[in-house]
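S.K.: Predicted model and sequence below, questions to follow.
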Amino acid sequence: MPEKIETVYEDKNILVINKPSGLITHPKNSEDKQKSVTGWLVEKYPEIKTVGEDPLRPGLVHRLDKDTSGLLVIAKTQDSFLYLKNLFQERKIQKFYLALVSGRPKESKGIIDAPMGRIGMKRTTQVRGNKKLKDKKEAVTEYDTIKNFRDFTLLEVSPHTGRTHQIRVHLKSIGNPVAGDPLYGRKKDEAPEGLDRLFLHAYKLQFTSPDGKALTFETDLPDELQKVLNMLK
C-alpha cells in the first residue's frame, strides 16, 4: 500500500504535494475505483471538485505515472488552474527528476529530441521516422549525469514537454531504460538489489506563482530509493 501523500506547500491559490509511488494521479474513467491523488484531494479540499476542465482530474495541471513518486502542483481555484495551465503550455514550469538507469549513456549529458506517439493501441512508444506512429507529438528531454555506478547511472532529467511516459520512453530510446521499469525496461537487465519499484522521482519544481512569487520546491529521494543507491557500487 502506498505511503500517505505529503503536503509540501500550500497557499490560497495552489497546493504542492509529494506523491508516493504506487498511487495513481487520477482515475482512468468513472468506473476506476483505485485510490488516487484526486480522490484524496476532493476528500480534503471539497471546493477543488469544480476546478479544471475534466471532472476526473479536478485541480490537475500535470500528472505523474502511478509508479513515479514526487512533486505535483495542484490548482485550488479556477483562476489559478488557468494560470498554471498556461505556464505549462508556455514551458515556464521547470520539472526535474532523479532517474537511475541501466548502463551508462554514451554522452554524460545531452538532449533527446524524438517525437512520440502510439503504435496501434499501445499508449506510447517512440520510433523516430516510423510511419506507423499515430498522434505523433514533439517530445524533448534533457539529462545530466549525477553519479556513475558499475552497472547503473544516476541522472538528473528535465522534460521540456509533457508526454505520457516521456522520460521512460526517451531513456529507453538511448539504450538506458529506467531501473525497475516493468514496461520499458530490458527483460535481461537485473534491477539493483532491493529495488521493487520504478526508480524515477520528481524531485524539483520551479515556477512563478499566480501572485508573482518565484518558487522552487525540492524533495529528497524516498527512503526505499535512497537505500538502493546506498548499496550500489
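M.R.: Happy to help now that I have it.

S.K.: From the centre of this structure outward, give me the first residue you hit.
M.R.: residue 64 (4.0 Å; Cα atoms, centre = their mean).

S.K.: ok, that one to residue 17 distance?
M.R.: Distance, residue 64 to residue 17, using Cβ to Cβ, to the nearest Å: 10 Å. C-beta here means a position set from N, CA and C on the backbone, and glycine is covered the same way.

S.K.: Find the residues that touch each one of these two.
M.R.: residue 72 (Cβ atoms under 8 Å, 6 or more residues apart in numbering).

S.K.: Which residues are in contact with the residue nearest to the centre of the chain?
M.R.: Applying Cβ under 8 Å, 6+ apart, the residues near residue 64 are 19, 25, 70, 72, 202.

S.K.: By neighbours, which of those residues wins?
M.R.: Sorting the contacts of residue 64 by how many neighbours each has (other Cβ atoms under 10 Å) puts residue 19 first, at 27 neighbours.

S.K.: quick one: it and residue 73 touch, right?
M.R.: No. Using Cβ atoms under 8 Å, residue 19 is not in contact with residue 73, being 11.1 Å away.

S.K.: host element of the residue nearest to the centre of the chain?
M.R.: Assigned by DSSP states H and E, residue 64 falls within no helix or strand.

S.K.: Just read off the phi/psi values of it.
M.R.: phi -120, psi 140 (degrees, to the nearest 10).

S.K.: before we move on, what about residue 172?
M.R.: Recorded main-chain torsions at residue 172 are phi -60, psi -40, according to degrees, to the nearest 10.

S.K.: ok, now how distant is the closest residue to it other than its chain neighbours from residue 50?
M.R.: Nearest non-adjacent residue to residue 172, counting by Cβ to Cβ, 6 or more residues apart in numbering: residue 184, 4.4 Å away. Distance of residue 184 to residue 50, computed by Cβ to Cβ: 36 Å.

S.K.: Comparing those two, which residue is more hemmed in?
M.R.: Using other Cβ under 10 Å as the criterion, residue 184 and residue 50 rank with residue 184 on top: 19 against 11.

S.K.: Contacts only, for the spatially closest residue to residue 37 that is not a sequence neighbour.
M.R.: In space, and not counting its chain neighbours, residue 37 is closest to residue 25: 4.9 Å by Cβ to Cβ, 6+ apart. Residues in contact with residue 25 (Cβ under 8 Å, 6+ apart) are 19, 36-38, 60, 63-64, 66, 72.

S.K.: so where's the protein shaky on pLDDT?
M.R.: Filtered on pLDDT under 70, the chain yields the residue ranges 1-3, 32, 118-135, 187-189.

S.K.: for it, what spans make up the helices?
M.R.: 37-44, 78-89, 166-173, 223-231 (DSSP state H).

S.K.: in the longest one, what's buried?
M.R.: The one in question is helix 78-89. In terms of neighbour count (16 or more other Cβ atoms under 10 Å), helix 78-89 has its buried residues at 80-85, 87-88.

S.K.: Identify the farthest-apart pair in those residues.
M.R.: 80 and 88 (12.5 Å; Cβ to Cβ).

S.K.: quick one, domains of the chain?
M.R.: Split into domains by automatic domain parsing, the chain comes to 1-90, 94-233.

S.K.: Just the endpoints, please. Distance across the last one?
M.R.: What that stands for is domain 94-233. 31 Å (Cα to Cα, to the nearest Å).

S.K.: switch to numbering from 643
M.R.: With the count now opening at 643, the last piece we talked about shows up as domain 736-875.

S.K.: now that domain, how far from the centre of its chain.
M.R.: 8 Å (Cα atoms, centre = their mean, to the nearest Å).
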